[in-house]
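Q: Below are the sequence and a predicted model for it; my questions follow.
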Amino acid sequence: MREGDAADAPLFLERLRAGDAQAFEELVASHQHRVFGVALRMLGSAAEAEEIAQEAFLRAHRSLREFRGDARLSTWLYAIVSRLCLNRLAAGDRKAARHGEEILLRVADPRGGPDAGAERGELEAALHRAIAELSEERRVVVILRDLEGLSYEEIAVALGIELGTVRSRLHRARLDLKDKLERFLP
Amino acid sequence: MNCHDARELLSALLDDTLDARERSQVQAHLEGCADCRRELDSLRSTVSLLSRVERARAPLGFVDRVMAGVHPVPWYRRLGRLVFLPLSVKLPIEAGAMLVIALLGVYLLQSTPELKDAARPDLPAMTSREEAPPAAPAPAPSIPAPAPLREREAKLKSEAHPASGGDGERANMARPPEGTQAPSEARQEGQGVLRQSAPPASEPAKPEAPSPRSSLAKALDSREGSADRADAARKSAPAAAPPVVSSASQQLAPPVVSGVLTVKDRQQAERALADLISRTGARETGRRPEEGATVVEVLVPQAGYAGFTKELGRLGAFRIEGQAAEGPASILLSIRISSE
């Protein structure tokens, strides 16, 4: 059972819909790392990722009464944070920072630290760099699939795209990564 | 199915998301195509590498910050947290505030003479200076007080009992700075010179009933060891006088009288005055020339004061300003001798 599956228990959902603060706090505690992780991989900045992750939870709190339970709570949260990230990346002032070493280093070491990069394995650095260099549309799909483990259907629901589009974008993303990580492949 | 079509489905094949027909077609192609098999292996390895990406963790306090955003603390609760700070925080703050207030109070007290005098416990009793008797002389202790204390007592006297020197303006409450002037400054005012001095040590002490006393008087008594003399001095004050009149400050400040002696020949008058001083047992305590006049300060025993002033009237036109009260052992008479 994946992390957060317990959050979909009917009783827990009822508590959330009733505005139970403790229930919502449990939801945040159980999903914080996943939501923050998606934002961090997408945006490359820990501060920006925290801001977006907080905003995702706040929006979820405001919309809990409208949550019908068709999807899992975790998928719903992924959908919120993914769309917030894509919107942020689509903003004009944010696009200027899309490329460059700084963004990649921040992705590689979200907690900062000048020497942290030196301690990082070469492979891991290459992985972070390769993911960060993907296009936004491909990056979000590969993050949700290969890092967070969502199914194609969940990704399609979360991003509001067709299943075939998910398959196509994921395949292109993996091909890009394969090329970038070729020297680490057997 | 050719290589292009097969490779488009390799990711889906790895994720087992192909339907049965697609899967069978791709697998059939792979069995006969080594390149596509290598491509599939590469993709599988790539996905395997991605699984090694370290999971990100939300920063510490993230949940609290989210909850704070979800349920903002009402203003009254924030205020309550400020008011009800833990003692470990509040105590140092309050102690520091008290210290600052205390230092500020001391500073104000030191920098404002009016406040300093108002803080004395016996001075509030003389809020009505107009009601104070015109003169309440009392014998001072036989041992002169130390100079600084004497000056302070003189200042107190001039404030509490301004009319005792005969200067009407000194009774004006609206002029506290003049009332607090130093004796040397007061001497420059007008023709009359107000001076005070301690009476001779030979003045006998008189018993009296206890009366309120100022803390300064007590301090003086303890320093001079003359508590009995101070009590005796208080007895000499009028019975109806307010406590301030009988205070030690009054006892230490005998009345001073000034007068103007207008003569035809100033030098001759000065010689006659010297002769008069020697004959009456008075004592010249100071002399200074002024413009067109000479000011002579004479300490006259109370017993011979009346005769002394009468003799002065024979030397020329003598006009006295102020009236010496009964009681003091001696009177300091400041005579301004001027030519007609």
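A: Perfect, thanks for sending it.
Q: Name the next helix or strand following the longest helix anywhere in chain B along the chain.
A: Among the segments of chain B that qualify as a helix by DSSP state H, the longest is helix B:87-111. Past helix B:87-111, heading to the C-terminal end, the next element that is a helix or strand (DSSP states H and E) is helix B:113-118.
Q: Now do the buried residues in the longest helix of chain B.
A: Taking 16 or more other CB atoms under 10 Å in any protein chain shown as the basis for neighbour counts, none of the residues of helix B:87-111 comes out buried. No exception for glycine: its C-beta is placed from N, CA and C like everyone else's.
Q: same for it, what does it pack against?
A: Contact analysis of helix B:87-111 by 3 or more CB pairs under 8 Å, 6 or more residues apart in numbering or on different chains; DSSP states H and E lists helix B:113-118 as its packing neighbours.
Q: Would you mark the buried spots in the helix it packs on?
A: residue B:117.
Q: which other helices and strands contact it?
A: Checking 3+ CB pairs under 8 Å, 6+ apart, helix B:113-118 ends up next to helix B:87-111.
Q: quick one: average confidence on the helix it packs on?
A: Predicted confidence along helix B:87-111 averages 87 (mean pLDDT).
Q: again with stretch A:46-65
A: If you average the pLDDT over stretch A:46-65, you get 92.
Q: Show me what that stretch is in contact with.
A: Outside of stretch A:46-65, the residues that reach it under the criterion CB atoms under 8 Å, 6 or more residues apart in numbering or on different chains are A:16-17, A:19, A:24, A:27-28, A:32, A:35-36, A:39-40, A:42-43, A:67, A:76-77, A:80-81, A:84-85, A:88, A:106, A:110-112, B:56, B:58-59, B:62, B:65-66, B:69-70.
Q: export that stretch as CSV, just CAs?
A: Taking only C-alpha atoms (Å, rounded to 0.1, in the frame of the first residue of the first chain), the coordinates of stretch A:46-65 have been written out as CSV:
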residue,chain,number,x,y,z
ALA,A,46,13.3,24.7,-2.7
ALA,A,47,11.8,28.1,-1.7
GLU,A,48,9.6,28.2,-4.7
ALA,A,49,8.6,24.6,-4.3
GLU,A,50,7.5,25.2,-0.7
GLU,A,51,5.5,28.1,-1.7
ILE,A,52,3.7,26.1,-4.4
ALA,A,53,3.3,23.1,-2.1
GLN,A,54,1.7,25.2,0.6
GLU,A,55,-0.6,26.8,-2.0
ALA,A,56,-1.6,23.3,-3.2
PHE,A,57,-2.6,22.3,0.3
LEU,A,58,-4.5,25.5,0.9
ARG,A,59,-6.4,25.1,-2.3
ALA,A,60,-7.1,21.5,-1.4
HIS,A,61,-8.5,22.7,2.0
ARG,A,62,-10.8,25.1,0.3
SER,A,63,-12.0,22.5,-2.2
LEU,A,64,-12.4,19.5,0.1
ARG,A,65,-16.2,19.8,0.2
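Q: Tell me how far that stretch lies from the chain's centre.
A: Mean-position distance between stretch A:46-65 and its chain equals 12 Å (CA atoms, centre = their mean, to the nearest Å).
Q: quick one: buried residues of that stretch?
A: Going through stretch A:46-65 with 16+ other CB under 10 Å, the ones that come out buried are A:46, A:48-50, A:52-57, A:60-61, A:64.
Q: near chain B at all, stretch A:143-154?
A: Yes - contact between stretch A:143-154 and chain B, assessed by CB under 8 Å from any CB of the partner chain, occurs at A:145, A:146, A:147, A:151, A:152.
Q: Separate out the buried members of those.
A: Buried positions within those, assessed by neighbour count (16+ other CB under 10 Å), are A:145, A:146, A:147, A:152.
Q: Which single one of these is nearest to residue A:180?
A: Residue A:180 has its nearest neighbour among these in residue A:146, at 14.0 Å by CB to CB.
Q: Confirm that closest one sits in a helix?
A: Yes - applying DSSP: H, G, I helix; E, B strand; the rest coil, one finds residue A:146 inside a helix.
Q: mind checking how far it is from residue A:165?
A: For residue A:146, the distance to residue A:165 under the criterion CB to CB, to the nearest Å works out to 17 Å.
Q: try residue A:55
A: When distance is defined by CB to CB, residue A:55 is 26 Å away from residue A:165.
Q: What of residue B:25?
A: For residue B:25, the distance to residue A:165 (CB to CB) stands at 21 Å.
Q: In TSV, list the buried ones among the residues of stretch A:143-154 next to chain B along with distance to residue A:182 and pLDDT.
A: As requested, these are arranged in TSV below (distance: CB to CB, whole Å; pLDDT from 0 to 100):
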residue	distance to residue A:182	pLDDT
A:145	21	95
A:146	17	94
A:147	20	93
A:152	26	94
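Q: out of these, who's nearest chain B?
A: Closest to chain B out of those is residue A:146 (4.2 Å), distances taken as CB to the nearest CB.
Q: can you pull the contacts of that closest one?
A: Residue A:146 sits next to A:174, B:47, B:50, B:51 when contact means CB under 8 Å, 6+ apart.
Q: circling back to that earlier point, filter the contacts of stretch A:46-65 down to the ones in helices?
A: For the contacts of stretch A:46-65, the ones inside helices are A:16-17, A:24, A:27-28, A:32, A:35-36, A:39-40, A:42-43, A:76-77, A:80-81, A:84-85, A:88, A:106, B:62, B:65-66, B:69-70, with DSSP H as the criterion.
Q: Where does pLDDT dip in the chain?
A: Reading this off chain A. A:1-8, A:92-120 (pLDDT under 70).
Q: wrong one, I was asking about chain B
A: Low-confidence regions of chain B, defined here as pLDDT under 70, cover residues B:72-74, B:81-82, B:116, B:119-255, B:322-328.
Q: please redo it, this time with the cut-off set to 50
A: Applying pLDDT under 50 to chain B picks out residues B:123-149, B:157, B:159-252.
Q: ok, which stretches of it are strands?
A: For chain B, applying DSSP state E gives strands covering B:256-263, B:283-290, B:293-301, B:317-321, B:330-339.
Q: Make a markdown table out of those and add mean neighbour count.
A: Converted to a markdown table, those look like this (neighbours: other CB atoms under 10 Å in any protein chain shown):
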| stretch | mean neighbour count |
| --- | --- |
| strand B:256-263 | 23 |
| strand B:283-290 | 13 |
| strand B:293-301 | 20 |
| strand B:317-321 | 17 |
| strand B:330-339 | 23 |
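Q: now these as CSV including distance to chain A?
A: Converted to CSV, the strands of chain B look like this (distance: least, CB to the nearest CB, whole Å):
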stretch, distance to chain A
strand B:256-263, 83
strand B:283-290, 84
strand B:293-301, 86
strand B:317-321, 87
strand B:330-339, 86
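Q: Select, out of those, the one closest to residue B:118.
A: Relative to residue B:118, the nearest member of the strands of chain B by CB to CB is strand B:256-263, separated by 25.9 Å.
Q: Out of the residues of stretch A:143-154 next to chain B, flag the one nearest to residue A:169.
A: Comparing the residues of stretch A:143-154 next to chain B against residue A:169 with CB to CB picks out residue A:145 as the nearest, at 9.5 Å.
Q: That closest one and residue A:72: what is the separation?
A: Distance, residue A:145 to residue A:72, by CB to CB: 15 Å.
Q: Contacts only, for the most centrally placed residue in chain A.
A: Among the residues of chain A, residue A:38 comes closest to the average C-alpha position under CA atoms, centre = their mean, at 1.8 Å. Neighbouring residues of residue A:38 by CB under 8 Å, 6+ apart: A:78, A:81, A:82, A:85, A:140, A:143, A:144, A:148.
Q: Farthest pair within those?
A: Farthest pair in the contacts of residue A:38 (CB to CB) is A:85 and A:148. Separation: 12.9 Å.
Q: Looking at those two, which has the bigger crowd around it?
A: Of the pair residue A:85 and residue A:148, residue A:85 is the one with more neighbours under other CB atoms under 10 Å in any protein chain shown, namely 25 against 22.
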